[in-house]
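**Q** Take this sequence and fold it.
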Amino acid sequence: MGNFNPKKNAEPHGDNVDRAVYDGIRDVFIDGAFCQKAVTDALKTVKDSRQHPFVTSAFYGILDKSIRLDKIISDLCDKKPSKEAALVDKIGLYYLGYADIPDYAAVNRAVNLSKHINGVFSGFINAVLKKSIGYEPKFRSALERFSYEHCAPEWLCKMLISDYSESRAATILDAVLPEKTHVRPITGRLSMQEFNKLKGNCEGTEYGCYCSKSDMKRFPDDSVTVQSLSSVRAVHVYKRGINGGRVLDLCAAPGGKSVYLSELGLFDITACDIYPHKINLMKKYAAFAGAKIKTVLSDASRPNEKFVNGFDLVIADCPCSGTGTIKTKPDVLINRQPSDINDLTVLQSKILDCAAEYVKKEGVLCYSTCSVLKCENEGMRDKFLSAHKNYSFIDEEKFLPDTDKCDGFYIARFKREQ
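**A** The predicted model follows:
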């Protein structure tokens, strides 16, 4: 497959494995499902659990390499294929380039899969995959090459290169994060010392460890909770120098940060979200963790008179592009467009303008995103300070996948002076 530089995976057996891969990526690309739910549903159809690692690896691999696979399909097809045919082609191309499957078997499996879905395009699948063997890409520009090599859309590559330089953009996009799930002990149920004894050979972090589902059995029931390392680190930045007081978390769902903050000090926490179902999710999570937090249905982008001048710490963890999470949530960019960034920065400004009214004098306002784009981070920091002269800049933290081994995350802290 030319420049694919494949990372090989073991070959599975059984038609239902290929169908599970197809169903999973179809749910994401066509139905707009979140990747975690899509792969979980797909795995339920594969009875032999020994095949689950292949299905999971292929599912995430196809999402991760989608930009590259799309270019190959575009270059080899005289006309744009149907969505279903394109997905089968992606599976076949992935098998050819990244799975430890002989070329003839990879082609045959994709063709057989197409017959189960729509026999009309099986000949097309066969032709494209055979043409792809020995394929060498040609590029119209240096940006297109960069996009292909680092498997990210051109608009994002352009922004990252502008923000960080070409070499740094490449390392951010190519960062490899732990595949296992990050968990932390629930304060009061399991001490960090006890946690470290029980985690065994699981990869430890300063606040928890990465472990598999089977590794979770090491810990007593309800003594640990899943929370990303970037999220845990962010909470420690939020509370820097603050050990208690009234806290308002404006965009709190699913509630992980509010719950964790409640464990770290004498905080009276109000957690908000705009959607009722997310409020219910936060209540359930807080109950599981034994956290005492209040939940309120509230639109963070609209002024709420009940909150004015009422809080020692206000957290505005705003909706954003999610570009810091693409290594762990590769579906984030599937339908994202450059125009979305402009819309998001407008929303972020509205939320910050509202949040600024809720902080007490001498209180702290925290702005954060899971973006790595400077227009959503440092740019919003500067815009806020320019518009709100009664605030001063305290400090900021930025976590990046290539240097901090976690999802990208940005936090800026401001103090209300008057």
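**Q** ok, residues contacting the helix or strand harbouring residue 75?
**A** Element membership for residue 75, per DSSP states H and E: helix 66-76. The contact list for helix 66-76 (CB atoms under 8 Å, 6 or more residues apart in numbering) reads 4, 62, 80-81, 86, 89-90, 93-94, 128, 131-132, 135, 137-138, 144, 147-148, 151-153, 330, 334. In short, each C-beta sits where N, CA and C put it, glycine included.
**Q** And stretch 148-163, by the same measure?
**A** By CB under 8 Å, 6+ apart, stretch 148-163 touches 3, 64-68, 71, 137, 139, 143-144, 146-147, 168-170, 172-174, 323, 326, 333, 336-338, 341, 372-375.
**Q** which of those residues are buried?
**A** Neighbour counting with 16 or more other CB atoms under 10 Å marks 64-68, 71, 146-147, 169-170, 172-173, 323, 326, 333, 336, 341, 372-375 as buried within the contacts of stretch 148-163.
**Q** Please identify the buried residues of the helix or strand harbouring residue 280?
**A** Under the criterion of DSSP H and E, residue 280 resides in helix 276-289. The neighbour-count check on helix 276-289 (16+ other CB under 10 Å) flags 278-279, 281-282, 285-286, 289 as buried.
**Q** Helix or strand next in line after that helix, which one?
**A** strand 293-297.
**Q** Show me what that following strand is packed against.
**A** Secondary-structure packing of strand 293-297 (3 or more CB pairs under 8 Å, 6 or more residues apart in numbering; DSSP states H and E): helix 256-263, strand 266-273, helix 276-289.
**Q** Now tell me what touches the second one from outside.
**A** Think strand 266-273. With CB under 8 Å, 6+ apart as the test, strand 266-273 has contacts from 239, 243-253, 255, 258, 261-262, 279, 282, 286, 292-298, 300, 311, 313.
**Q** between the helices and strands packed on strand 293-297, which gets nearest to residue 120?
**A** Closest to residue 120 of the helices and strands packed on strand 293-297 is helix 276-289 (CB to CB; 39.9 Å).
**Q** Run through who's touching that closest one.
**A** 186, 222, 225, 252-256, 258-259, 262-263, 271, 273, 291-293, 295-297.
**Q** what's the angle between that helix and strand 293-297?
**A** Interaxial angle, helix 276-289 versus strand 293-297 (axes from the mean of the first three to the mean of the last three CA atoms, to 10 degrees): 170 degrees.
**Q** Tell me what angle helix 276-289 forms with strand 266-273.
**A** 150 degrees.
**Q** What segments of the protein are strands?
**A** Per DSSP state E, the chain carries strands over the ranges 181-185, 203-204, 209-211, 224-226, 244-249, 266-273, 293-297, 311-317, 359-369, 391-399, 409-416.
**Q** quick one: low-confidence ranges for the stretch 301-418 of the chain?
**A** For the stretch 301-418 of the chain, no stretch is flagged by pLDDT under 70.
**Q** beta partners for residue 364?
**A** residue 313, residue 415 (DSSP bridges).
**Q** ok, the nearest residue to residue 18 once chain neighbours are set aside to residue 165 distance?
**A** Once flanking residues are discounted, residue 18 sits nearest to residue 113: 4.6 Å by CB to CB, 6 or more residues apart in numbering. Residue 113 is 42 Å from residue 165, where distance means CB to CB, to the nearest Å.
**Q** where along the stretch 301-418 of the chain do the helices fall?
**A** For the stretch 301-418 of the chain, the helices defined by DSSP state H, counting those that start in this stretch cover 338-355, 378-387, 401-404.
**Q** Equivalent analysis for the stretch 51-200 of the chain, please.
**A** According to DSSP H, counting those that start in this stretch, the helices that the stretch 51-200 of the chain contains are 52-64, 66-76, 83-98, 103-118, 122-132, 142-150, 154-164, 166-174, 192-198.
**Q** now the last one: mean pLDDT?
**A** For helix 192-198, mean pLDDT rounds to 96.
**Q** Hmm, residue 112 is touching residue 18, no?
**A** Yes - using CB atoms under 8 Å, residue 112 is in contact with residue 18, at 7.4 Å.
**Q** Spit out the contact partners of residue 191.
**A** By CB under 8 Å, 6+ apart, the contact set of residue 191 is residue 185.
**Q** Any figure for the gap between it and residue 235?
**A** According to CB to CB, residue 191 stands 18 Å off from residue 235.
**Q** now for the helices of the stretch 301-418 of the chain, which one comes closest to residue 23?
**A** With respect to residue 23, and counting by CB to CB, the nearest of the helices of the stretch 301-418 of the chain is helix 338-355 at 27.5 Å.
**Q** Check which residues of that closest one are buried.
**A** By neighbour count with 16+ other CB under 10 Å, helix 338-355 contains the buried residues 341, 344-345, 348-352, 354-355.
**Q** repeat for stretch 359-371
**A** For stretch 359-371, burial by neighbour count (16+ other CB under 10 Å) applies to 359-360, 363-371.
**Q** Please apply the same query to stretch 287-307.
**A** Buried, per 16+ other CB under 10 Å, within stretch 287-307: 289, 291, 293, 295-296, 298, 300-301, 304, 307.
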